[in-house]
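Q: Attaching a predicted model along with its sequence, questions to come.
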Amino acid sequence: MKIGGSIVTEKNRTGVFIRRKLLTEIAKDCAAALSVNKNIQLIIIHGAGSAAHQVAKQYQLENGTKNDSMKIEGAQLIHVANQKLNLAIAEIFLNHGVNIAPVHTASVIIQRGGKINKCFYDVIDQALGSNCVPLLYGEIVFDETLGMTICSGDVIAVDLAKKYNASKIVFVSDIDGIFDKDPHVYRDAIIIKSITLDSITTNNKVTLSGSHNVDVTGGLKNKIAVLSGNDIPKSLKQVVVCNGFSAGFISRAFNDIDDGTIIQI
């Protein structure tokens, strides 16, 4: 499950405003769902939200730091902000019944040319084997050719889905799902409840937009682009895009109840 940065923080505010009340409700729903669905193994990835995107844009980190001292400084500022955010989210989940195991993304992932090249899965393996829920996040990570580069939570979600033979990815966004046109702009936008992945990129009735906040990783459009690559996990059956502001969405997603948009793979 990838929880978007617009859910864990208010991305359009200066500084880091964590949505603690909302995250508390999500944590409670997660704990309840896991207690009922004991055979489900869950990995959570959260977006960096305002903890990183504004700084990444300010320091122009889209193409890596290379040896630029100012960009390296910006990347280190993001590391600190992201770890504070990750700790706050971990505490909320732990306090509400989820056996969470924080995993610092920059300590387990190395990229090359802006793409994941190595991931040390052992920590995640041990967490899952101990009945814990690994918690990773979008982050600036070391890059073998570009110094440090952005590793999107969306990319991490697909990589881990492949590694662990996931049958479902749930993308938790700030909108109800995928629409025929941008719901932030058009009030008459109609949600698409079910669609195949192939149809999304070829259907002229589907318009995908980027994020409406400061977002250097591309918002919903990037999620679909990641899924449309040639490396989709063979085990993956469906992807759910749902609204994190909708109470009980985790329980519904776990129980295959129609919520948001279901993308059939």
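A: That came through fine.

Q: drop to CA atoms for contacts and neighbour counts, all remaining ones
A: Fine.

Q: name the element Gln111 belongs to?
A: Under the criterion of DSSP states H and E, Gln111 resides in strand 109-112.

Q: Mind giving me the packing neighbours of that strand?
A: strand 115-119, strand 139-143 (3 or more Cα pairs under 8 Å, 6 or more residues apart in numbering; DSSP states H and E).

Q: Just the residues contacting the last one, thanks.
A: Identification of contacts with strand 139-143 by Cα atoms under 8 Å, 6 or more residues apart in numbering yields 48, 52, 75, 78-79, 82, 105-107, 109-114, 148-153.

Q: Tell me which of those residues fall in helices.
A: 75, 78-79, 82, 105-107, 153 (DSSP state H).

Q: Please pick the buried ones from those residues.
A: Among these, those buried by neighbour count (16 or more other Cα atoms under 10 Å) are 75, 78-79, 82, 105-106, 153.

Q: about what we covered before: what would the helices and strands packed on strand 109-112 look like in TSV with mean neighbour count, mean pLDDT and distance to Val170?
A: Formatted as TSV, the helices and strands packed on strand 109-112 follow (neighbours: other Cα atoms under 10 Å; pLDDT from 0 to 100; distance: least, Cα to Cα, whole Å):
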stretch	mean neighbour count	mean pLDDT	distance to Val170
strand 115-119	15	95	21
strand 139-143	26	95	19
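
Q: Out of these, which gets nearest to Leu23?
A: strand 139-143 (19.7 Å; Cα to Cα).

Q: quick one: buried residues of stretch 150-167?
A: Buried residues in stretch 150-167, counted by 16+ other Cα under 10 Å: 150-162, 166.

Q: Over to stretch 82-96?
A: 82-83, 85-86, 89-90, 92-93, 96.

Q: Break down the chain into its helices, ranges please.
A: Using DSSP H, helices in the chain cover 5-8, 20-36, 53-58, 69-95, 105-108, 122-129, 153-163, 197-202, 219-227, 249-254.

Q: Mean pLDDT lowest where, among those helices?
A: The weakest mean pLDDT among these belongs to helix 219-227, with a mean of 64.

Q: Phi, psi for Ala166 please.
A: phi -70, psi 140 (degrees, to the nearest 10).

Q: What pLDDT is listed against it?
A: In this model, Ala166 is scored at 94, pLDDT.

Q: Touching, it and Leu236? I think so.
A: Yes - counting by Cα atoms under 8 Å, Ala166 touches Leu236, with 5.7 Å between them.

Q: so what sits against both of the two?
A: By Cα under 8 Å, 6+ apart, no residue touches both Ala166 and Leu236.

Q: Could you save the buried residues of stretch 82-96 as CSV and add columns showing distance to Cys242?
A: Below are these laid out as CSV (distance: Cα to Cα, whole Å):
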residue, distance to Cys242
Asn82, 24
Gln83, 26
Leu85, 22
Asn86, 22
Ile89, 20
Ala90, 22
Ile92, 21
Phe93, 20
His96, 22
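
Q: Include distance to Arg252 when you put the ones in helices among the contacts of strand 139-143 into JSON lines, please.
A: Below are the ones in helices among the contacts of strand 139-143 laid out as JSON lines (distance: Cα to Cα, whole Å):
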{"residue": "Ala75", "distance to Arg252": "37"}
{"residue": "Ile78", "distance to Arg252": "34"}
{"residue": "His79", "distance to Arg252": "34"}
{"residue": "Asn82", "distance to Arg252": "29"}
{"residue": "Thr105", "distance to Arg252": "28"}
{"residue": "Ala106", "distance to Arg252": "32"}
{"residue": "Ser107", "distance to Arg252": "33"}
{"residue": "Gly153", "distance to Arg252": "22"}
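
Q: and which of the residues you listed is nearest to Arg19?
A: So of these, ranked by how close each gets to Arg19 (Cα to Cα), first place is Asn82, at 14.7 Å.
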